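>>> My questions concern the predicted model and sequence given below.
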Amino acid sequence: MTLKEGKESFCIKYLVLGISTIALLTIGYSLYKPLPDGFTVSRWDRAVMHVVEPALRVAYYYPSHMFSKASSMVQWTRSALNFLSKSLGLGVNTHGEIDIKWHNWNGTPVKVYLPLNNKTSTDGAVVFIHGGGFALGNVDMYDSLVRRMAYETKTLFISIEYRLSPETAFPGGLLDCEAAIEHLFEFGKVQFGINTSKIVIMGDSAGGNLATVVAQRRAARNALPKLAGQVLIYPLLQMADLQTVSYRYFHSRLDGYALVDPESVAYYYMFYAGINMDEKSYLVPSVMSNGHVAADLHSEIDEIMSYEKVIESTRTYKNSTIPNRWAVRPSLEAQHLMQPFLTNPDFSPLMRKDVSNLPATMIVTCEFDVLRDEGMIYAHRLETSGVPTTAINYQNGFHAMLNFHSELYEASKAVIDIENWTLKTINSIQP
C-alpha cells in the first residue's frame, strides 16, 4: 500500500467512525425523554432508567403499536419481554443453597424454590403469582426475584405458571392458581414439612389481582387453614375508573413512556374478560374515559371508590398539575360487554363489599404508576375493616420496578421491606 492509499484508508475509517458517532448521538437524542422529578431516588437509578426506559420503548413499546391486531401486539410484547428479562437479575447468587424444581400440582405447573436440605428459617411458605396484565409474563421472567427472596428469607417459595389470556380467559388463570394452592395446603406438610397455617400469598400487578381474589374467596368460604398473610405489589384491582388521579397524571406527564399505560390496562383487562380485542379495539378510547360503565353501576362503584376523594385532595405530584376529569364517551356496546365484570369481585377484587375476614396484608404502591390509587383505596378499606394492614407507597417508584431488583436501589429496598414483613408475618403465627 502506498502512502497516499494509506492516508485515504485512514481518512475513510475516521469518516465512517464520525458518521456512526453522529448517527448514534442523533438516535440517542431522538429517544431521550426527561424523567419526571422524583422518578427513582438516586443518581445511579436515574442513570439506569435513562438507558432502560428508551430501550424498552425501542424493544416493545414502539413495535407493539405498529400491529393492526391486538393479539399480535400481545405476542410481540411477550417475546420482547421474555428476551429482555434474561439480562436482568444476573447478580443474584444463591450460592447453590436453593434447590429449584418444576412440579405439576392439580394440572398447574409450579416452580418450587426450596432451601437446600430443607434448611429454612421458618416452617412456612410463600406462594408467588407473577404479573403481566393476565396476558404477559411467566415464571421464568420472575425467576431471579423469587430465587433472591427464597435465598434471603430461607423460606420455601412456590411460583405458579397459570394460563394467560387471550388464549385462556377469566376465570381460567384464577382457577389454575387455586388448584396449585389447594395442593400446597393438602400436601405441603408431608411434602415439605411446612406448617400450612404459615402460608403467605404474594403477587404483583395482575398477579396481585389473582392473589387478592384467592385470599378473598378463601375468606368468604371460611376455608381452613387460613392464609397467614398476603403481599399485594402494585396490584391491578379494578377497571371501573380509569380517571383516578394516578391515571390522569400518567396522561399529563408519562404518556409515551414505556411504562404501564391506561390503554394497555384497557386492552389486557378486556382480553382477560374474554373479549376479542382484534375485533373490538375501537372500544378502548371509550373505556379509557369510563364510558364502559353502565349508569346502574355508578352508585355501587362510587361507594367503593369513595376514598378517591381523599386522594384527590391530598395526593399531588411534584411540580405537576393534575388535569381535571375529562368528558365520558359512553359506549352501550362496551357497557354491555363489561357489565358482568366491573363489579364482580372475582374479576375486580376492589369491588368486594366485605373485606373484614382477610389475613394480615402488605400493599405496595408506587408514585409513578397508574394503579397507585386503587392500591391505596384497597389499603384504606382493609384498615377500616379491621384487617392488620401495612401500606407503603414508594415515592420514587414505578410499576414493575421489582423486575429491576438487582439494578435499582429503590426496587431492592422494596424487596427487603417485603421480605422483612413476610418473615415477621410467618413467624407471628403460633404453632
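Thanks, I have it.

>>> Following the chain past the lowest-mean-pLDDT helix or strand in the chain, name the next helix or strand.
Between all helices and strands in the chain, the lowest mean by mean pLDDT, DSSP states H and E belongs to helix 3-31, at a mean of 47. Downstream of helix 3-31, the next assigned helix or strand under DSSP states H and E is helix 43-56.

>>> Which other helices and strands does that next one contact?
helix 409-428 (3 or more Cβ pairs under 8 Å, 6 or more residues apart in numbering; DSSP states H and E). For glycine as for every other residue, the C-beta is placed from the backbone atoms N, C-alpha and C.

>>> which residues are in contact with the helix it packs on?
With Cβ atoms under 8 Å, 6 or more residues apart in numbering as the contact definition, helix 409-428 has outside contacts at 40-42, 44-45, 121-122, 124, 126, 145, 148-149, 152-153, 155, 198, 200, 202, 228-229, 231, 233, 360, 362, 364, 390, 392, 394, 396-397, 401-406.

>>> Buried among the residues you listed? Make that a PyMOL selection.
Of these, the buried ones can be selected in PyMOL as follows, counting by 16 or more other Cβ atoms under 10 Å:
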select buried, resi 40+41+45+122+124+126+145+148+149+152+153+155+198+200+202+228+229+231+233+360+362+364+390+392+394+396+397+401+402+403+404+405+406
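
>>> Tell me which of the contacts of helix 409-428 fall in strands.
126, 200, 202, 229, 231, 233, 360, 362, 364, 390, 392, 394, 396-397 (DSSP state E).

>>> Dump the residues you listed into a markdown table; add pLDDT and distance to residue 346 as well.
Formatted as a markdown table, the ones in strands among the contacts of helix 409-428 follow (pLDDT from 0 to 100; distance: Cβ to Cβ, whole Å):
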| residue | pLDDT | distance to residue 346 |
| --- | --- | --- |
| 126 | 98 | 23 |
| 200 | 98 | 21 |
| 202 | 98 | 19 |
| 229 | 98 | 21 |
| 231 | 98 | 20 |
| 233 | 98 | 20 |
| 360 | 98 | 22 |
| 362 | 98 | 22 |
| 364 | 98 | 22 |
| 390 | 98 | 25 |
| 392 | 98 | 26 |
| 394 | 96 | 28 |
| 396 | 93 | 34 |
| 397 | 95 | 28 |
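
>>> ok, those vs residue 82, which is closest?
Nearest to residue 82 among the ones in strands among the contacts of helix 409-428, counting by Cβ to Cβ, is residue 233 at 20.3 Å.

>>> Can you name the residues bridging to that closest one?
residue 204, residue 364 (DSSP bridges).

>>> my guess is it contacts residue 201, does it?
No. Counting by Cβ atoms under 8 Å, residue 233 sits too far from residue 201 to count as a contact (11.5 Å).

>>> Measure how buried residue 197 is and give me the count.
17 (other Cβ atoms under 10 Å).

>>> swap that for residue 376, please
22.

>>> Same check on the one 10 residues further on?
Neighbour count for residue 386, taken as other Cβ under 10 Å: 11.

>>> Would you enumerate the residues in contact with it?
Counting by Cβ under 8 Å, 6+ apart, residue 386 touches residue 356.

>>> would you say it is within a helix?
No. Under DSSP: H, G, I helix; E, B strand; the rest coil, residue 386 falls outside any helix and is assigned coil.

>>> What's the separation between it and residue 360?
Counting by Cβ to Cβ, to the nearest Å, the gap from residue 386 to residue 360 is 11 Å.

>>> Which single one of the ones in strands among the contacts of helix 409-428 is nearest to residue 325?
residue 397 (25.0 Å).

>>> Touching, the closest one and residue 375? I think so.
No. Under the criterion of Cβ under 8 Å, residue 397 makes no contact with residue 375, lying 11.5 Å away.

>>> before we move on, which element is the nearest residue to residue 161 once chain neighbours are set aside in?
Of all residues not flanking residue 161 in the chain, residue 109 sits nearest, at 4.1 Å (Cβ to Cβ, 6 or more residues apart in numbering). For residue 109, the enclosing helix or strand under DSSP H and E is strand 108-115.

>>> Average pLDDT for that strand, rounded please.
Here strand 108-115 scores 97 as its mean pLDDT.

>>> Please name the strands paired to that strand in the sheet, noting orientation.
Here, using DSSP bridges, strand 108-115 pairs with strand 98-105 (antiparallel), strand 156-160 (antiparallel).

>>> For the residue nearest the centre of the chain, which residues are in contact?
Most central in the chain under Cα atoms, centre = their mean is residue 205, positioned 2.6 Å from the mean C-alpha point. Residues counted as contacts of residue 205 (Cβ under 8 Å, 6+ apart) are 131-133, 233-236, 260, 371, 399-400.

>>> next one: residue 208
Contact partners of residue 208, counting by Cβ under 8 Å, 6+ apart, are 129, 131, 232-237.

>>> Out of the strands paired with strand 108-115, the one nearest residue 33 is which?
strand 156-160 (33.4 Å).

>>> how far off helix 409-428 does the closest one point, in degrees?
Taking axes from the mean of the first three to the mean of the last three Cα atoms, to 10 degrees, one finds strand 156-160 and helix 409-428 inclined to each other by 120 degrees.

>>> show me where pLDDT drops low in the stretch 301-431 of the chain?
The model of the stretch 301-431 of the chain has pLDDT under 70 over residues 319.

>>> For the residue nearest to the centre of the chain, which non-adjacent residue is spatially closest?
Per Cβ to Cβ, 6+ apart, closest to residue 205 is residue 131, 3.0 Å.

>>> isn't that neighbour right next to residue 141, touching?
No. Judged on Cβ under 8 Å, residue 131 makes no contact with residue 141 at a distance of 9.3 Å.

>>> So between those two, which is more surrounded?
Neighbour count, other Cβ under 10 Å: between residue 131 and residue 141, residue 131 has more, with 26 against 21.

>>> Please, which helix or strand holds that one?
Assigned by DSSP H and E, residue 131 falls outside every helix and strand.

>>> ok, residue 143 - contacts?
89, 111, 159.

>>> Now do the first one: how many residues are near it, please.
Read that as residue 89. Using other Cβ under 10 Å, residue 89 has 20 neighbouring residues.

>>> Can we start the residue count at 377 from this point?
Done: numbering now begins at 377, and the last item shifts to residue 465.

>>> one step back: let me have the ones in strands among the contacts of helix 785-804 in CSV, extended by distance to residue 555.
Output for the ones in strands among the contacts of helix 785-804, formatted as CSV (distance: Cβ to Cβ, whole Å):
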residue, distance to residue 555
502, 18
576, 19
578, 18
605, 21
607, 21
609, 22
736, 25
738, 25
740, 26
766, 29
768, 31
770, 33
772, 38
773, 32
